[in-house]
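# Everything below, folded, please.
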Amino acid sequence: MHGSEASVNYTGPKYVLVAGGVISGIGKGLTASSLGVLLKACGWRVTSIKIDPYINVDAGTMSPLEHGEVFVLDDGGEADLDLGNYERFLDIRLTRMNNITTGKIFQQVIERERRGDYLGKTVQVVPHVTDAIQEWIQTVAEVPVDDSGLPPEICVIELGGTVGDIESMPFIEALRQLQYNLGASNFCSVFVSLVPEVVGEQKTKPTQHGVKNFASLGLSPALIVCRSERPLAPETRKKLGLFCQVPPEAVVSVKNVGNTYRIPMMLQEQGVTNQLIKQLRLSWRLPTQLARWNRMALTAESATSEVHIVLVGKYTGLTDAYVSVVRALQHASMATSRKLKLSWIESTDLHANTDDAGSPQRQENGVSATQSSVKESAMKLLQSADGILVPGGFGDRGSEGKIN
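Predicted coordinates:
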């Protein structure tokens, strides 16, 4: 069963796929979370799945400096940091099954082959790997994730990496087949792209090529979310609509903002909820529960009394390594109507002083500095703080600085 026939008879959850082009790290996770917020604000039960095309089974053995924090789920699963965003934005509880990796899929397929489940057939990417991906997605999409205990009605899937990457091809094909099997009214593709600005002009070519590549793989986006320094100009939106084969109102502008909790409101103001309802043929609803999000964003923006927290860690070279800790501090600041000022100290900067003559040289803001002078400036920063937070870490490096 497929196509229009599937649309009529299908009664399971509907799917929203969020993929990205041009560059990675463009904000697909926040976009997926924000779309989930809009749908949940309308009263639908929402779950999320993150697909990571790497061969690692999970993120547990990956360096925080390379991949950001490892988010630990209620069942002990070690997952990508985006699952933390989903839980915070949607107020849901996910499991390790909500994070799909190439490693998990290959492991499952090989175990089945060893047991003889494929009855002696040659095991191939298509159909065996792609079938395993679809089966995993459809099973997880129906697992309750909130206090209602009822199965979700909509599943938001984020495809990590960039469309066109060789490692994501099996997932793209599996998602194309899933869309074909369920019918267009049960599956909505969203493409997140970058619109760079050169000499004052917003450039559309990267997005055009990204969408063309996405469509050539069988997944034409119904919605294009454009990241940019400033709001899209009307002519930019019109041009993208024309060359990417979508109505201009389906081209959405998400400019850089200091408060990420503003993003759901930005999407709502541009009619994204209506676009999703139309594409998925949902019953008409208004996001009436979005009011509390607006209040939370206003609280964060209107706070004037500052609280200064210093975070001492060993992975400060990448702030995503502590994203959950930072979000917890932001939530606490909002709850107390304070404006968070967060400073970072690399824990090795607080190691015991050695002789200046024997102190290692390092670059600090482009200037060579001895360990003793670096420690002195770090100590001054500590003394100016209202509070100090020392998160956990692995290995010996930086431990002495944390204790000091």
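# what's the burial count for residue 266?
Other residues near residue 266 come to 16 when the count uses other Cβ atoms under 10 Å. C-beta coordinates here come from the backbone N, C-alpha and C atoms, glycine included.
# and if you look at residue 173?
Around residue 173 there are 20 residues (other Cβ under 10 Å).
# Check the spacing between it and residue 133 real quick.
9 Å (Cβ to Cβ, to the nearest Å).
# For this structure, give me the ranges with low pLDDT.
1-8, 352-371, 394-404 (pLDDT under 70).
# switch the cut-off to 50
354-361, 366-368 (pLDDT under 50).
# And the next helix or strand past whatever helix or strand residue 326 lives in?
According to DSSP states H and E, residue 326 maps onto helix 323-335. With elements assigned by DSSP H and E, the helix or strand that comes after helix 323-335 is strand 339-346.
# Now that next one - C-alpha only, CSV.
Taking C-alpha atoms only, strand 339-346 is exported to CSV below (Å, rounded to 0.1, in the frame of the first residue of the first chain):
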residue,chain,number,x,y,z
LYS,A,339,20.0,38.3,33.7
LEU,A,340,22.8,35.6,33.5
LYS,A,341,26.3,36.7,32.9
LEU,A,342,28.4,33.6,32.3
SER,A,343,32.2,33.6,32.2
TRP,A,344,34.4,30.6,31.3
ILE,A,345,37.7,29.5,32.8
GLU,A,346,39.7,26.6,31.5
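# Quick check: residue 148 touching residue 45?
Yes. Contact criterion Cβ atoms under 8 Å: residue 148 and residue 45 qualify, at 6.5 Å.
# Going by neighbour count, list what's buried in stretch 74-91.
Neighbour-count burial for stretch 74-91, counted by 16 or more other Cβ atoms under 10 Å, picks out 77-90.
# Strands along the stretch 151-300 of the chain, start to end?
Using DSSP state E, counting those that start in this stretch, the strands found in the stretch 151-300 of the chain span residues 154-159, 187-194, 197-198, 201-202, 223-228, 251-255.
# got TSV for those, with mean neighbour count too?
As requested, the strands of the stretch 151-300 of the chain are arranged in TSV below (neighbours: other Cβ atoms under 10 Å):
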stretch	mean neighbour count
strand 154-159	26
strand 187-194	25
strand 197-198	10
strand 201-202	16
strand 223-228	24
strand 251-255	21
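# Columns distance to residue 144 on top of these, output as JSON lines?
Formatted as JSON lines, the strands of the stretch 151-300 of the chain follow (distance: least, Cβ to Cβ, whole Å):
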{"stretch": "strand 154-159", "distance to residue 144": "12"}
{"stretch": "strand 187-194", "distance to residue 144": "22"}
{"stretch": "strand 197-198", "distance to residue 144": "44"}
{"stretch": "strand 201-202", "distance to residue 144": "43"}
{"stretch": "strand 223-228", "distance to residue 144": "27"}
{"stretch": "strand 251-255", "distance to residue 144": "30"}
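# and residue 237, which of these is closest to it?
Residue 237 sits nearest to strand 251-255 of all these, at 4.7 Å, using Cβ to Cβ.
# Please enumerate residues in contact with that closest one?
Identification of contacts with strand 251-255 by Cβ atoms under 8 Å, 6 or more residues apart in numbering yields 27, 31, 223-232, 237, 240-241, 244, 263, 266-267, 270, 272.
# Residue 297: which of the buried residues of stretch 74-91 is nearest?
residue 89 (12.5 Å).
# Pull the contacting residues for that closest one.
Listed by Cβ under 8 Å, 6+ apart, the contact set of residue 89 reads 33, 34, 36, 37, 264.
# For the spatially most central residue of the chain, which non-adjacent residue is closest in space?
Taking Cα atoms, centre = their mean, the centroid of the chain lies closest to residue 29, which sits 1.8 Å from it. When the adjacent residues along the chain are set aside, residue 29 lies closest to residue 82, with 3.7 Å between them (Cβ to Cβ, 6 or more residues apart in numbering).
# swap in residue 18?
residue 32 is the one closest to residue 18 (Cβ to Cβ, 6+ apart), at 4.2 Å.
# Quickly find the element holding the one you found.
Going by DSSP H and E, residue 32 is in helix 28-41.
# For that helix, which helices and strands make contact with it?
Helix 28-41 sits against strand 14-20, strand 46-52, helix 82-90, strand 154-159, strand 187-194, helix 263-269, helix 272-280, with contacts defined as 3 or more Cβ pairs under 8 Å, 6 or more residues apart in numbering; DSSP states H and E.
# what about the helices in the stretch 301-404 of the chain?
All helices of the stretch 301-404 of the chain, identified by DSSP state H, counting those that start in this stretch, fall at 323-335, 371-383, 399-403.
# Fine, thanks again, bye for now.
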